[in-house]
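Peer 1: Below are the sequence and a predicted model; questions follow.
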Amino acid sequence: MERLWSFNFVRACLANFLLFFAFYLLIPVFPLYLIDTFGATKSTIGIVLSSYTIAALLIRPFSGFVLDMAQRKPLYLTAFFVFVMSFVSYPLALTIGMFMVFRILHGFAFGFVTTAGNSLVVDILPASRRGEGLGFFGVANNLAMVVGPMTGLLMQSRIGYPAIFYTAIASGLAGFVFAVSIKVQKIEIVRENVPLALDRFFLMKGIQAGITLMLIGIPYGMFITYLAVYGKELGIQTDLGFFFSLLAVGLIGSRLFSGKMVDRGKLTNAI
């Protein structure tokens, strides 16, 4: 059996964990920040925070196209650095409109770096264990989901918002260092004179699966946006981190189990 846990793969997982730790650190805190800083209403919070997800979704088809046309690591590192530096912009926002603009730009960076990261890790994984490897790579996200929200809410209640932003930047920069150390072989880029068409950006056969994932993701996005606000109303704000921990336990278990099923050719059964 081919070796899975190479130094390269470990570095990739650490970079992914630290990137998502920075991401999840602020997920439950942003609604509270918007209320405390700008006096935002619940509907405004939903619009501002959903703009991040929409931006990430819009950039993904184009990022996939670009990644197929160039060396992946330089693009991955560029997107990673832009993602990290975007955290600096939030405390500089003087209005909620400015905050939303920064949020959209951050969403573009997040959509690109996560697509590039998945593409890069596929290149360094042994072919026979890619499903399992991607499962473990995804576990890094879930571990960040355990630690990040709990840490963010604890810091918000005891230290304040500036320290949370600094921690997110530090985590992102540490992840960037690991990302730089990943060694990948230079791939040969085959440039075909094929005219641009819709199927170069969107896999039409995957529309049904995409709609299914969207319908699953909508309720998740709704409660993840307002969870901290609802918890504050109930007086259980600092204990909400345990919710994310329990959610991550289920995600980690399913990833480890489904990854091996995919490698055995049981993709449909896993779904």
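Peer 2: Ah, there it is. Everything quoted here is computed from the prediction, not taken from an experiment.

Peer 1: ok, residues contacting stretch 165-172?
Peer 2: Contact with stretch 165-172 is made by 18-19, 21-22, 25-26, 80, 83-85, 87-88, 90-91, 151, 155, as judged by Cβ atoms under 8 Å, 6 or more residues apart in numbering. Where C-beta positions appear, they are placed from N, C-alpha and C, glycine not excepted.

Peer 1: what's the nearest residue to Phe21 if we skip its chain neighbours?
Peer 2: Ala144 (4.2 Å; Cβ to Cβ, 6 or more residues apart in numbering).

Peer 1: State the distance from that neighbour to Met150.
Peer 2: 11 Å (Cβ to Cβ, to the nearest Å).

Peer 1: tell me which element the residue nearest to Phe21 is part of?
Peer 2: Assigned by DSSP states H and E, Ala144 falls within helix 130-158.

Peer 1: Show me where the stretch 151-271 of the chain has its helices.
Peer 2: With helices called from DSSP state H, counting those that start in this stretch, the stretch 151-271 of the chain shows them at 161-181, 207-234, 241-263, 267-270.

Peer 1: Can you tell me which of these is nearest to Ile45?
Peer 2: Counting by Cβ to Cβ, Ile45 lies closest to helix 207-234 out of those; the figure is 6.7 Å.

Peer 1: and the angle for the closest one with helix 130-158?
Peer 2: Orientation note: helix 207-234 sits at an angle of 20 degrees relative to helix 130-158 (axes from the mean of the first three to the mean of the last three Cα atoms, to 10 degrees).

Peer 1: So for helix 207-234, what gets flagged as buried?
Peer 2: Under the neighbour-count criterion of 16 or more other Cβ atoms under 10 Å, helix 207-234 has Ile224, Thr225, Tyr226, Leu227, Ala228, Val229, Gly231, Lys232 buried.

Peer 1: Let me see the mean pLDDT of that helix.
Peer 2: Averaging pLDDT along helix 207-234 yields 74.

Peer 1: Distance from the chain centre to that helix, please.
Peer 2: Averaged C-alpha coordinates place helix 207-234 at 15 Å from its chain's average position (Cα atoms, centre = their mean, to the nearest Å).

Peer 1: What of stretch 158-168?
Peer 2: Stretch 158-168 sits 20 Å away from the centroid of its parent chain (Cα atoms, centre = their mean).

Peer 1: Low-confidence regions, the stretch 1-150 of the chain specifically.
Peer 2: Along the stretch 1-150 of the chain, the model assigns pLDDT under 70 to residues 1.

Peer 1: Which residue ranges of it form helices?
Peer 2: Here the stretch 1-150 of the chain has its helices, by DSSP H, counting those that start in this stretch, at 7-26, 30-38, 42-69, 72-89, 96-124, 130-158.

Peer 1: want to throw those into CSV with distance to Ser245?
Peer 2: Shown next, in CSV, are those (distance: least, Cβ to Cβ, whole Å):
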stretch, distance to Ser245
helix 7-26, 11
helix 30-38, 19
helix 42-69, 22
helix 72-89, 23
helix 96-124, 22
helix 130-158, 5
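
Peer 1: between those helices, which gets nearest to Ala174?
Peer 2: Closest to Ala174 of these is helix 7-26 (Cβ to Cβ; 5.1 Å).

Peer 1: and the direction of the closest one versus that of helix 207-234, what angle?
Peer 2: Put simply, helix 7-26 runs at 50 degrees to helix 207-234, going by the same axes, to 10 degrees.

Peer 1: what packs against helix 7-26?
Peer 2: helix 72-89, helix 96-124, helix 130-158, helix 161-181 (3 or more Cβ pairs under 8 Å, 6 or more residues apart in numbering; DSSP states H and E).

Peer 1: Nearest to Phe7 among those helices would be which one?
Peer 2: Using Cβ to Cβ, the helices and strands packed on helix 7-26 put helix 161-181 closest to Phe7, at 8.7 Å.

Peer 1: gap between that closest one and the chain center?
Peer 2: Per Cα atoms, centre = their mean, the centroid offset for helix 161-181 relative to its chain is 14 Å.

Peer 1: residues of it that come out buried?
Peer 2: Quick answer for helix 161-181 (16+ other Cβ under 10 Å): 161, 164-165, 167-169, 171-176, 178-179.
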